[in-house]
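Peer 1: sequence and predicted model, in that order:
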Amino acid sequence: MSELFYDAAPNATRVAPERPVPRHYPAKPTEVILFGTCVVDLFFPEAGLDAIRLLEREGIRVHFPANQSCCGQPAWTSGYVAEAKAVARAQLEVLDAGLPVVVPSGSCAGMFRQHYRELFAGDAGMLEKVERLSEQTFELAEFLVHVCQVNWQDLGSPTRVALHTSCSARREMNTHLHARELLGKLSNVERVEHDHESECCGFGGTFSVRMPEISGAMVKDKTQSLMASGADEMVTADGGCLLNINGSLDKQGEVFRGRHLASFLWERVSGAAKEEVA
Amino acid sequence: MNARNNILNKLRAGLSGATPRPDDFDERLVTEPWQYAPEDRIGRLRSLMEAVHTEVHTVGSKDWPKTVAGILSRRNLNNLLYAPETDHGKQLGEHWQATEPTIELVAYDRPVEEWKDTLFWGVDASITGTVGGIAATGSLVLWPDRHEPRLMSLLPPLHIALLRASQVEDNLYTMMQRHNWSSGLPTNALLISGPSKTADIEQVLAYGAHGPKELVVLVIEDE
Amino acid sequence: MSQRIPVTELTGDFRQRAKEALGDDQLRTNFRNAMDSLMTKRADAFPDEEEREGLRELGNRIKARALSRLPDLLEQLETRLTENGVHVHWAETVEEANRIVHGIIERRQGRRVVKGKSMVSEEMEMNDYLAGRGIESLESDMGEYIVQLDNEKPSHIIMPAIHKNRRQVSRLFHDHLGEPETDDVNELIRIGRRALRRKFMEADVGVSGVNFAIAETGTLLLVENEGNGRMSTTAPPVHIAVTGIEKVVQNLRDVVPLLSLLTRSALGQPITTYVNLISGPRKPEELDGPEEVHLVLLDNGRTGAFADAQMRQTLNCIRCGACMNHCPVYTRVGGHTYGEVYPGPIGKIITPHMVGLHKVPDHPSASSLCGACGEVCPVKIPIPELLQRLRQENVKSPEEEPGVKDGGAKYSRSERLIWRLWQQLNSRPGIYRLFLWGATRFRKLTPKKAGPWTDNHTAPVPARRSLHDLAKDHLARQGGQ
């Protein structure tokens, strides 16, 4: 309704955007692009590979364009717009190829879907590309649930996991709901809640190095509540949080660890762990 | 006047080229979730007010002064501040004359400056009317006036309020519309939703912060 | 034990104060418990998501409508109030506002002022200003009273003394009022009530804030639970209300949703104990109420925020405090760490317009941008978006046009250079892949110390092979590209 009264003047007083309508999902495609994300690329490449395997298992051919790097989020959230823009432009070159783009990280997917618009505001030529990418971007769990509509047999032994969802993934992509749904499909997996589950783990990109005292207190609390949850391990669909939480656990000398959701899922549905045991 | 002009000019400059946003107030959002069957209104009001430590009694339009006397004597109170010129004040006065309880009736009939000490320290309880109630939030609406001044509902440790069941509205919006508030408000209008309280120390709820420690609502069922 | 942070002794920068606060277990427990309880209360007050979201959107549009007509509404408010017999004053700066307030008190030869809770008067540091001129200015909200007795600033805009526990309050009352110590909160409140009642009775002037100023009717609406606001605006012969220019709304009915949003978001209450609508001074025939009512409209940087359509959204704020209750940073460091009148997420986005980024250069960075604040804001201020904008302003070079007072406060050539390098790395695929190759090949050479990161973590070690590398092999085996 508010579009009726939309005042395009730069000085116009702003109203909050309409609530997003539930996303309409396409039928399962035959080909997709995987955007690996820079953190997965360097620190958790197995998770990226497991994401590819999960997609291939659904009969989808996966492309991994070699010219991809980072979505640009670190510079964007640090206030370096020009730098973020240059990097975003490079990704758009690679990703705007008419195929769905699957991202094993909710916050990077959210960057494509929401923040590229802000980044290129006023640049009509780029916005066309941005809109196309936004439409084609899917976070991995979301894609598996809604586009692939996976139906899995759990080949793993009984286990309890705690789920941590990155804040921007939760708020921009509903990743917590999608991840819960996937875990719910696994008959031998019990998902346990942890204290203050929806609270930030303290990563926040450059926040963790600009405000190490506060960030450190946050991740300490997060790891404590994860360990107190009774879970055997933590799973998350976000590399940044994983880096933060596992790095802190290691520093604390704890054995408890987190794992990327893609790796966890692949192990359960492929029986990879079983094979190892056998 | 310089500050005024500077502020207004800066604001106008900030809006240059923009048009004022239209009034798209959607009253359904503040009415539909807060509608009750007439017979449920009092129940809703009562449960909300009781949840914040308010005593609610249903009384008859003739015999409520007896209930007032009972409330006061149960608490061993010495006096009651009232508004002698109001209808309910007169009714109360008549009852007092007829039954002469030991509790003293104190009339609010002078400007506050003439008896501040008594009002602030010497009054145990007060009784006032209301212009209505609001079911949605469990609130009383008071429009203090010359006869029933503002401090009556604030200074005494116990405040007794009379509420006519027929004057309870569903929500604040319907209350404003029904009585056309936007065309004229008194110098002071009040919504009261329980006794004075605070949770400023460790979030522990304590009643009687600065205003009444107790609020008693007498709901008068209309005949 | 929580250390006292007196008004006059705030030292160090944000990080230093945060460090101290984080080391104070009592303080952290006080805040965590209080914020947990406030979050639960808010959630319980909005059981229906659809209703909540509809109301938030309405609240947002009401504020946007008011701001889009702000100068006209301020004039209308002034006209109506004047017709109702209220004196309206305008102040661009806090100094001007203080002079106005002092002038009114002087004219009445007032010596004793009681105050209802008002964040604008905190902005003005009115108590200090008046005290310096021989006028006692006493806070009467229980929390504010406690904070003032201890010569502190509020640590939360709704719960000023939330950082203190009952034993600390008891000791304070013992030291200042000579009362015996007690662990009973009811008894502590009784002590406060008695001490303040005398003050209400003797006060020459009452000062209050305003929650909503209604242009249509010329009405000042105030909410509160304690009754001290009503006392301050009813008992003394003069009432001075101070408020920011953004508090005006167009119509009386506009306050219906705003009131509901405010009380439910702040404390989870369907409504506060008192909602006080003041439309004028005592009429000649009336027996109580102030003879004079004044309204002081304060700018203090608000017109600066208003000038920028994006930052203008900060003026939607109705001061409920929900953003701080839900903020994981505020919860851990408490309000005093921010060192300014308005703490927490809302403080970070409104303070720069009042005092300039130079005074609060670390505030925009002190957030993980988790988004909890924006999610609960009853008037839908996009707080994370505005924090991000302030970060942009913060690092602007001297050649760039600042969009906010003291933009460029955190500009650093070397930091910009690092981001330029990062840009080259990530926008040139060849260089990026070379970097991946090097980082994985020489992973054993990864330093054990990585700046502040290794304060809390072990150093992250790159994988043996990058995803680029693994994916290439894997897809080749699959017969892919």
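Peer 2: All right, it came through fine.
Peer 1: when you work out contacts or count neighbours from here on, use the C-alpha atoms and nothing else.
Peer 2: Fine.
Peer 1: around residue A:145, count how many other residues there are.
Peer 2: Residue A:145 has 17 neighbours, counted by other Cα atoms under 10 Å in any protein chain shown.
Peer 1: how about the contacts made by it?
Peer 2: The contact partners of residue A:145, taken as Cα atoms under 8 Å, 6 or more residues apart in numbering or on different chains, are A:178, A:181, A:182.
Peer 1: which among those are in contact with chain B?
Peer 2: Among the contacts of residue A:145, no residue is within reach of chain B (Cα under 8 Å from any Cα of the partner chain).
Peer 1: mind telling me what element residue B:220 is part of?
Peer 2: Assessed by DSSP states H and E, residue B:220 sits inside strand B:214-221.
Peer 1: now the strands for chain B?
Peer 2: With DSSP state E as the criterion, chain B has strands at B:54-60, B:79-82, B:104-107, B:125-128, B:132-134, B:139-142, B:158-164, B:168-169, B:188-192, B:197-198, B:206-207, B:214-221.
Peer 1: I should have written the stretch 51-200 of chain A there, sorry.
Peer 2: With strands called from DSSP state E, counting those that start in this stretch, the stretch 51-200 of chain A shows them at A:61-63, A:101-103, A:137-139, A:159-164, A:189-192.
Peer 1: what strands line up against the first one, and which way round?
Peer 2: Going back to what we said before, that points to strand A:61-63. Partners of strand A:61-63 in the sheet, by DSSP bridges, are strand A:31-34 (parallel).
Peer 1: ok, now the third one?
Peer 2: Paired with strand A:137-139 in the same sheet, following DSSP bridges, are strand A:101-103 (parallel).
Peer 1: check the offset of the strand it pairs with from the chain's centre.
Peer 2: Once both centres are worked out by Cα atoms, centre = their mean, to the nearest Å, strand A:101-103 turns out to sit 9 Å from its chain's centre.
Peer 1: pull out the buried positions in it.
Peer 2: Neighbour-count burial for strand A:101-103 flags A:101, A:102, A:103 (criterion: 16 or more other Cα atoms under 10 Å in any protein chain shown).
Peer 1: nearest to chain C, of those?
Peer 2: In terms of Cα to the nearest Cα, no member of the buried residues of strand A:101-103 lies closer to chain C than residue A:103, at 13.1 Å.
Peer 1: which strand residues bridge the closest one?
Peer 2: Beta-bridge pairing of residue A:103 under DSSP bridges involves residue A:139.
Peer 1: thinking again about what came up before, and the buried residues of strand A:101-103 as TSV, adding pLDDT?
Peer 2: Below are those laid out as TSV (pLDDT from 0 to 100):
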residue	pLDDT
A:101	98
A:102	98
A:103	98
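Peer 1: still on that earlier bit, would you list the strands of chain B in JSON lines and tack on distance to chain A, mean pLDDT and mean neighbour count?
Peer 2: What follows is the strands of chain B, written out as JSON lines (distance: least, Cα to the nearest Cα, whole Å; pLDDT from 0 to 100; neighbours: other Cα atoms under 10 Å in any protein chain shown):
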{"stretch": "strand B:54-60", "distance to chain A": "35", "mean pLDDT": "97", "mean neighbour count": "18"}
{"stretch": "strand B:79-82", "distance to chain A": "50", "mean pLDDT": "98", "mean neighbour count": "22"}
{"stretch": "strand B:104-107", "distance to chain A": "53", "mean pLDDT": "97", "mean neighbour count": "16"}
{"stretch": "strand B:125-128", "distance to chain A": "44", "mean pLDDT": "98", "mean neighbour count": "24"}
{"stretch": "strand B:132-134", "distance to chain A": "31", "mean pLDDT": "98", "mean neighbour count": "25"}
{"stretch": "strand B:139-142", "distance to chain A": "32", "mean pLDDT": "98", "mean neighbour count": "25"}
{"stretch": "strand B:158-164", "distance to chain A": "41", "mean pLDDT": "98", "mean neighbour count": "23"}
{"stretch": "strand B:168-169", "distance to chain A": "31", "mean pLDDT": "98", "mean neighbour count": "24"}
{"stretch": "strand B:188-192", "distance to chain A": "31", "mean pLDDT": "98", "mean neighbour count": "24"}
{"stretch": "strand B:197-198", "distance to chain A": "28", "mean pLDDT": "96", "mean neighbour count": "25"}
{"stretch": "strand B:206-207", "distance to chain A": "29", "mean pLDDT": "97", "mean neighbour count": "22"}
{"stretch": "strand B:214-221", "distance to chain A": "38", "mean pLDDT": "97", "mean neighbour count": "22"}
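Peer 1: distance to chain C added to these, as CSV?
Peer 2: Shown next, in CSV, are the strands of chain B (distance: least, Cα to the nearest Cα, whole Å):
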stretch, distance to chain C
strand B:54-60, 11
strand B:79-82, 13
strand B:104-107, 12
strand B:125-128, 15
strand B:132-134, 11
strand B:139-142, 8
strand B:158-164, 13
strand B:168-169, 14
strand B:188-192, 5
strand B:197-198, 5
strand B:206-207, 6
strand B:214-221, 11
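Peer 1: for chain B, what's the nearest residue on the stretch 51-200 of chain A?
Peer 2: For the stretch 51-200 of chain A, Cα to the nearest Cα, closest residue to chain B: residue A:122, 18.0 Å.
Peer 1: what stretches of chain C score poorly on pLDDT?
Peer 2: For chain C, applying pLDDT under 70 flags the ranges C:1-12, C:479-481.
Peer 1: hmm, the helix or strand harbouring residue C:213 in reach of chain B?
Peer 2: In the assignment (DSSP H and E), residue C:213 maps to strand C:212-214. No - in terms of Cα under 8 Å from any Cα, no part of strand C:212-214 sits within range of chain B; the closest distance is 9.9 Å.
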